[in-house]
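J.: Have a look; sequence and predicted model below, questions after that.
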Amino acid sequence: MAAALQTFTERGADDTSLKEIARQTKVGISTLYRHFPGRAALLEAVYTDQVAALCRRADELLASASPGAALAAWMRDLVEFGATKHTLTSALAADYGEKDAPVFSSARDDLRAAATALLTRAQQAGAVRPDVQPVDLLRLSHAVAVAAERAADADQAERLLSLMLNGVLTDPADDSRTEY
């Protein structure tokens, strides 16, 4: 799965064959097919694994000292995921023939729950504006990932994320801004 993720990230999920991934992992194509009966199964496994990693990261960050910094760190991770997610979701949607496949609704529910937990904690601490909603964070991170994907400037995602966080976090002097 690590090789598949790396290849999907570098080349895009649409342009990567299972033979190529098998060759990179130095296993036979039949071994790969035993674990993943088709291309869609591998795409789904990589996608769900990445969503699960983001949710585990949210759980880890919930225990951190600074709720604002925790939310900012998770948003950074979410934007990074967005760069890979775009090619995975388009390839999965093409394989499944729909954008509302169960894998997507489950991922949306899991990511929304993680965003809600981090956001609620940050809002209760006064680190985030009270009018921010979990879906706002998910859509803003998606927008940053898409905008940065089309930018020629490698630092675009970081600048856009910083601008977005400056609009979400409440106190410009708060140390949570400098930790992201």
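T.: All right, it came through fine.
J.: what mean pLDDT does the host helix or strand of L160 have?
T.: L160 belongs to helix 156-168 when elements are defined using DSSP states H and E. For helix 156-168, mean pLDDT is 89.
J.: Contacts for that helix, please.
T.: 71-72, 75-76, 79, 83, 128-129, 132, 136-137, 140-141, 144-145, 147-148, 151, 172, 177, 180 (Cβ atoms under 8 Å, 6 or more residues apart in numbering). Where you see a C-beta, it was placed from the backbone N, CA and C, and this is true even at glycine.
J.: of those, buried ones?
T.: 71-72, 75-76, 79, 128, 132, 136-137, 140-141, 144-145, 148, 177, 180 (16 or more other Cβ atoms under 10 Å).
J.: now, which of these sits nearest L42?
T.: Relative to L42, the closest of those is A145; by Cβ to Cβ it sits at 22.0 Å.
J.: Can you give me the pLDDT of that closest one?
T.: pLDDT at A145 comes out at 85.
J.: again, but for T84
T.: On the pLDDT scale, T84 gets 70.
J.: is it true that it touches T9?
T.: Yes - assessed by Cβ atoms under 8 Å, T84 is found in contact with T9 at 4.9 Å.
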